[in-house]
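Novice: Sequence and predicted structure are below.
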Amino acid sequence: AQSVTQLGSHVSVSEGALVLLRCNYSSSVPPYLFWYVQYPNQGLQLLLKYTSAATLVKGINGFEAEFKKSETSFHLTKPSAHMSDAAEYFCAVSDSNTGNQFYFGTGTSLTVIP
Amino acid sequence: DAGITQSPRHKVTETGTPVTLRCHQTENHRYMYWYRQDPGHGLRLIHYSYGVKDTDKGEVSDGYSVSRSKTEDFLLTLESATSSQTSVYFCAISLAGGIDTQYFGPGTRLTVL
């Protein structure tokens, strides 16, 4: 079965520091990978997605992620954290074996310290 | 923002009571999903629909049923609510299913006493 592992349920960074949120997936076929962000008391919204085009994917708000097949990873990065980046981040995977279902990681809560 | 509404937004009910949550979209997307969000578990799929009257189970479907009689509406029913179904429920829509972006509703916070 497909699965997603997000290492670190809580990550704290200083404002202006690099943000790195980790996501590893399991899939026996080429995956589709997504990062979503959730602000308090809101639904999720898409940050970026990988659908077999370029391995380095750029998203909104300065975030990007790199698909590394050999490492089965899709880590999310941002060069300089801003206070407004404080939120919950979810990685999700789907592939041809999951039909039209998505599997989400357990989420990483990002705190930005002023 | 994608036109997705969920009703009610908050509900408190008692164990054993039937509960129906509604998801309504104005985007004419084919796929609709119901998830529950619980601390430490992320989002888990309950049921999804790939067309009118076409639905399938997700990983946590026990105790839940769904119906989709119109493209725009996807109903989630808890036939007899239990305290373990206390959660935040999110509806999502997608134009092309698993290869495509999901757009999420604002959520419904359900408390079962």
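Specialist: Ah, there it is. Numbers count the residues shown, from 1 in each chain, chains lettered A, B, ... in the order given.
Novice: list the contacts for A:Ala53?
Specialist: By CB atoms under 8 Å, 6 or more residues apart in numbering or on different chains, no residues touch A:Ala53. Heads up, the C-betas are built off the backbone N, CA and C, glycines and all.
Novice: would it count as being in a helix?
Specialist: No. Counting by DSSP: H, G, I helix; E, B strand; the rest coil, one finds A:Ala53 to be coil, located in no helix.
Novice: Could you point out which residue ranges in the chain have low pLDDT?
Specialist: By default, I'm working from chain A. Filtered on pLDDT under 70, chain A yields the residue ranges A:1.
Novice: not what I meant, chain B
Specialist: B:1-2.
Novice: Could I get the phi/psi values of residue 59?
Specialist: Let's take chain A. With angles defined as degrees, to the nearest 10, A:Gly59 sits at phi -120, psi -160.
Novice: nope, chain B please
Specialist: Dihedral pair for B:Glu59: phi -80, psi -20, per degrees, to the nearest 10.
Novice: For B:Gly107, see how far away the closest residue to A:Thr5 other than its chain neighbours is.
Specialist: Leaving aside its chain neighbours, A:Thr5 sits nearest to A:Asn24 (4.7 Å; criterion: CB to CB, 6 or more residues apart in numbering or on different chains). Counting by CB to CB, to the nearest Å, the separation of A:Asn24 from B:Gly107 is 27 Å.
Novice: A:Ser73 against A:Leu20, yeah?
Specialist: No. The criterion here is CB atoms under 8 Å, and A:Ser73 misses it with A:Leu20 at 11.2 Å.
Novice: More neighbours: these two, which one.
Specialist: The residue with more neighbours, out of A:Ser73 and A:Leu20, is A:Ser73; 18 against 12, by other CB atoms under 10 Å in any protein chain shown.
Novice: so the more buried one bridges to which residues?
Specialist: Judged by DSSP bridges, the bridge partners of A:Ser73 are A:Asn24, A:Lys68.
Novice: I'd like to know how far it sits from chain B.
Specialist: Distance of A:Ser73 to chain B, computed by CB to the nearest CB, to the nearest Å: 18 Å.
Novice: Identify the residues contacting that residue.
Specialist: Counting by CB under 8 Å, 6+ apart, A:Ser73 touches A:Arg22, A:Cys23, A:Asn24, A:Tyr25, A:Glu66, A:Phe67.
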